[in-house]
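Engineer: A predicted structure for the sequence below; I have some questions about it.
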Amino acid sequence: MSKIMIIAEAGVNHNGDLGIARQLIDAAWAAGADAVKFQTFRAELLVTPKAKKAEYQFHNTGTDDSQFEMLKDLELSWEDFKILSDYCAFRGIRFLSSPFDEDSMEYLDSMGMDIIKIPSGEITNYCYLKKAAALKKPVILSTGMSTPAEIQDALNLLDQGRQDITLLHCSSIYPTPMEDVNLNAMITMRDTFHKKTGYSDHTAGIEVAVAAAALGACVIEKHMTLDKTMPGPDHRMSLEPDEFKHMVDSVRNIEKAMGNGVKAPAGEELQNRDHVRKFLVAAKDIQKGEPFTIENLCAKRCSAGISPMKFPQMLGTFADRDYGKDDKIGE
């Protein structure tokens, strides 16, 4: 099993503060994430001035301002993203950011970001997808809210014979109830579209992300915050740093546990085998020349000997010496 790419989704949990964004990078690095991902956008290009907030955004922010006003407060400048990218390089963690408009995509490309992470909301954005395809970089495409036909339409624009597209299953509900996770859809996408698949997790805990690892996810993305009680739309369904580290450690353990798929005894199993398997012993005293029978043989742990699977071949043969009860047969 190849190493799973674990992405700490910082998103807009910096609340528009560059200092908090740096702290999120520190936390993601300390937790063992492979990458930390932000969201790059210009509110004017993303949303109309009067667009209403989603219900979860209204609930989590507790304010009745517009989506535009909320996003404007959460913007970072393009210069800020260059600073964050440089800081990620200093920390030794990969920098990623989801562009939410074509200008932002171009800027991130000019910075040298090596993967285009497409958020679920852009999967039907024709011009956006054409721009992403033209950049000819690896793509990670989130598929929340999507039908198979919509995913296929997006792939028709992005693919063009490329094999470096990863599809992320997710449910765009924040947080996602367990009954709406439908984790097996990740497998369905892999088998349907013949692409690498992963999981973008919006559940409240870590267990579904760990299950995704066991099902073969090659990418796992999960929101991270410094403090769930901070104001903002995404903090409540994010993991705090210690929780995120617990998830990373659990996923890494699953990677080890999956193994190579070959059924064979492990090295330590071979050492234990003779001590826990049973072998043929005398069930009672047996005299030399006496035939072995079902009455005078039995199987017990005795540290090596003849396997009980040889029992049928042993019946009717003759003892080559005297055996006391519990003596190993054939030794």
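Structural biologist: Received it, and whenever you're ready, just let me know what you need. The model shown is predicted, which means the values in this text are computed figures rather than measured ones.
Engineer: how about the strands in the stretch 201-331 of the chain?
Structural biologist: 219-223, 278-282, 297-301 (DSSP state E, counting those that start in this stretch).
Engineer: For the stretch 201-331 of the chain, give me the ranges with low pLDDT.
Structural biologist: Low-confidence segments of the stretch 201-331 of the chain (pLDDT under 70): 331.
Engineer: what do you get if the cut-off is 90, keeping everything else the same?
Structural biologist: Within the stretch 201-331 of the chain, the ranges that satisfy pLDDT under 90 run 267, 271, 274, 303-304, 330-331.
Engineer: just the helices in it please.
Structural biologist: Secondary structure of the stretch 201-331 of the chain (DSSP state H, counting those that start in this stretch): helices at 207-214, 241-258, 267-276, 311-314.
Engineer: among the ones you listed, which is nearest residue 15?
Structural biologist: Proximity to residue 15 (C-beta to C-beta) singles out helix 241-258 among the helices of the stretch 201-331 of the chain, at 16.3 Å. (Glycine included, C-beta is placed from N, CA and C.)
Engineer: and the angle for the closest one with strand 219-223?
Structural biologist: 160 degrees (axes from the mean of the first three to the mean of the last three C-alpha atoms, to 10 degrees).
Engineer: Counting by contacts, list what helix 241-258 packs against.
Structural biologist: In terms of contacts (3 or more C-beta pairs under 8 Å, 6 or more residues apart in numbering; DSSP states H and E), helix 241-258 is packed against strand 5-11, helix 18-31, helix 207-214, strand 219-223.
Engineer: who does the longest one touch, helix- and strand-wise?
Structural biologist: Looking back up the chat, that one is helix 18-31. strand 5-11, strand 35-40, helix 78-91, helix 241-258.
Engineer: Show me which positions of it end up buried.
Structural biologist: 18, 20, 21, 22, 24, 25, 27, 28, 29, 31 (16 or more other C-beta atoms under 10 Å).
Engineer: Next: stretch 191-200.
Structural biologist: 193, 195, 196, 197, 198, 199, 200.
Engineer: Same question for stretch 273-292.
Structural biologist: Per 16+ other C-beta under 10 Å, stretch 273-292 contains these buried residues: 279, 280, 281, 282, 283, 286, 292.
Engineer: ok now it, how far from the chain's centre?
Structural biologist: On the basis of C-alpha atoms, centre = their mean, to the nearest Å, stretch 273-292 sits 51 Å off its chain's mean C-alpha point.
Engineer: Excluding chain neighbours, give the residue nearest to residue 16 in space.
Structural biologist: Of all residues not flanking residue 16 in the chain, residue 74 sits nearest, at 5.1 Å (C-beta to C-beta, 6 or more residues apart in numbering).
Engineer: Would you confirm that that neighbour contacts residue 12?
Structural biologist: Yes - between residue 74 and residue 12 there is a contact at 4.1 Å, judged by C-beta atoms under 8 Å.
Engineer: What is the burial count for residue 86?
Structural biologist: Residues within reach of residue 86, counting by other C-beta atoms under 10 Å, total 12.
Engineer: and residue 186, what element?
Structural biologist: helix 184-193 (DSSP states H and E).
Engineer: quick one, that helix and helix 207-214 angle?
Structural biologist: Using the same axes, to 10 degrees: helix 184-193 against helix 207-214 is 30 degrees.
Engineer: do you know which of the helices and strands packed on helix 18-31 lies nearest residue 102?
Structural biologist: Short answer: strand 35-40, nearest of the helices and strands packed on helix 18-31 by C-beta to C-beta, at 11.2 Å.
Engineer: Strand partners (parallel or antiparallel) of the closest one?
Structural biologist: Sheet pairing for strand 35-40, assigned by DSSP bridges, gives strand 5-11 (parallel), strand 94-99 (parallel).
Engineer: Reformat these as a markdown table; add distance to residue 52.
Structural biologist: As requested, the strands paired with strand 35-40 are exported to a markdown table (distance: least, C-beta to C-beta, whole Å):
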| stretch | distance to residue 52 |
| --- | --- |
| strand 5-11 | 20 |
| strand 94-99 | 22 |
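Engineer: ok so, going back, could you dump the buried residues of helix 18-31 to a markdown table with distance to residue 320 and pLDDT?
Structural biologist: Listed next are those as a markdown table, based on distance: C-beta to C-beta, whole Å; pLDDT from 0 to 100:
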| residue | distance to residue 320 | pLDDT |
| --- | --- | --- |
| 18 | 85 | 98 |
| 20 | 81 | 98 |
| 21 | 80 | 98 |
| 22 | 79 | 98 |
| 24 | 75 | 98 |
| 25 | 74 | 98 |
| 27 | 71 | 98 |
| 28 | 69 | 98 |
| 29 | 69 | 98 |
| 31 | 65 | 98 |
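Engineer: where are the low-confidence patches of the stretch 51-200 of the chain?
Structural biologist: 51-65, 159-163.
Engineer: For it, which segments count as strands?
Structural biologist: Using DSSP E, counting those that start in this stretch, the strands of the stretch 51-200 of the chain run over 94-99, 116-118, 139-142, 165-169, 196-201.
Engineer: Tabulate these in a markdown table, adding columns for distance to residue 311.
Structural biologist: As requested, the strands of the stretch 51-200 of the chain are exported to a markdown table (distance: least, C-beta to C-beta, whole Å):
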| stretch | distance to residue 311 |
| --- | --- |
| strand 94-99 | 60 |
| strand 116-118 | 62 |
| strand 139-142 | 58 |
| strand 165-169 | 51 |
| strand 196-201 | 49 |
